[in-house]
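**Student:** no sequence on this one, just coordinates:
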């Protein structure tokens, strides 16, 4: 948030490497500019996973990973159609995460976390776009991006497994809660959410 014509207030973060606080760098893809020390401080306060996300446009450099606790993701076809996708079978995804102990990357290392409502069932239409979403969700799961440990928006419980900014449809056959179908924009919306996490088809194929 500081003016680039002034020195970074993070002076001392890289003193041992001789980086001067007035030095500014430009991110390669998006072109946004920041003090080098501010970029180092941002990386140091994150997951330290080898990735960096531009604060201005959210472009991701490197491969972003999350803090999802260990668990299992499975999927299979069921011979029923979702509302809005007549004559199309349904992909059912099953996530299962057990309770456990928080690691060093979590809010309260060494403390127990809960995992309410597992296994969780989620639904996609078995069409071209639905299968694309499934492939990207598998990548997101492998990168620990689907869930995290935090405070539940529903119950207010802390130190519990919660969704992590990639929305899923958990209601089958109706949309009474807003988490089901029909929802004509859902597949496009979740693709955009996956892209915001650095998960796209081009990246998944790499």
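**Tutor:** Arrived safely. Given the structure is predicted, the values throughout are model-derived calculations rather than measurements.
**Student:** and the residue positioned nearest the centre of the chain, how far from residue 88?
**Tutor:** Centrality entry for the chain: nearest residue to the mean C-alpha point is residue 145, 3.9 Å, by CA atoms, centre = their mean. Residue 145 is 27 Å from residue 88, where distance means CB to CB, to the nearest Å. Any C-beta I mention is one placed from the backbone N, CA and C, and that applies to glycine too.
**Student:** OK, contacts around the residue nearest to the centre of the chain?
**Tutor:** Counting by CB atoms under 8 Å, 6 or more residues apart in numbering, residue 145 touches 64-66, 68, 164, 166, 197, 199.
**Student:** ok, residue 110 next?
**Tutor:** Shown in contact with residue 110 (CB under 8 Å, 6+ apart): 101-102.
**Student:** name the residues of the top helix by length along the chain that are buried.
**Tutor:** The longest helix of the chain (DSSP state H) is helix 128-142. Using 16 or more other CB atoms under 10 Å as the test for burial, helix 128-142 gives 130, 132-134, 136-141.
**Student:** also stretch 111-118?
**Tutor:** Buried positions in stretch 111-118, judged by neighbour count with 16+ other CB under 10 Å: 113-115, 118.
**Student:** start and end of that stretch, how far apart?
**Tutor:** By CA to CA, to the nearest Å, the extent of stretch 111-118 from end to end equals 20 Å.
**Student:** what lies in contact with that stretch?
**Tutor:** The contact list for stretch 111-118 (CB under 8 Å, 6+ apart) reads 69, 71, 95-102, 106, 149, 152, 155, 157, 159-161.
**Student:** inside strands: which ones of the residues you listed?
**Tutor:** 95-96, 100-101, 149, 160-161 (DSSP state E).
**Student:** just the buried residues from those, in ChimeraX please.
**Tutor:** Filtering the ones in strands among the contacts of stretch 111-118 down to the buried ones (16+ other CB under 10 Å) takes a single ChimeraX command:
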select :95,100,149,160,161
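**Student:** include distance to residue 5 and pLDDT when you put the ones in strands among the contacts of stretch 111-118 into TSV, please.
**Tutor:** Shown next, in TSV, are those (distance: CB to CB, whole Å; pLDDT from 0 to 100):
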residue	distance to residue 5	pLDDT
95	49	98
96	53	98
100	49	98
101	48	98
149	41	98
160	45	98
161	45	98
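**Student:** out of the ones in strands among the contacts of stretch 111-118, which is nearest to residue 41?
**Tutor:** Sorting the ones in strands among the contacts of stretch 111-118 by distance to residue 41 puts residue 149 at the head of the list, at 23.7 Å, by CB to CB.
**Student:** that closest one touches residue 109, doesn't it?
**Tutor:** No - between residue 149 and residue 109 there is no contact under CB atoms under 8 Å: 10.4 Å.
**Student:** which residues do those two both contact?
**Tutor:** residue 102.
**Student:** list the contacts for residue 161?
**Tutor:** By CB under 8 Å, 6+ apart, the neighbours of residue 161 are 69, 97, 113-116, 118, 147-149.
**Student:** make it 7 Å
**Tutor:** By CB atoms under 7 Å, 6 or more residues apart in numbering, the residues touching residue 161 are 69, 97, 113, 115, 147, 149.
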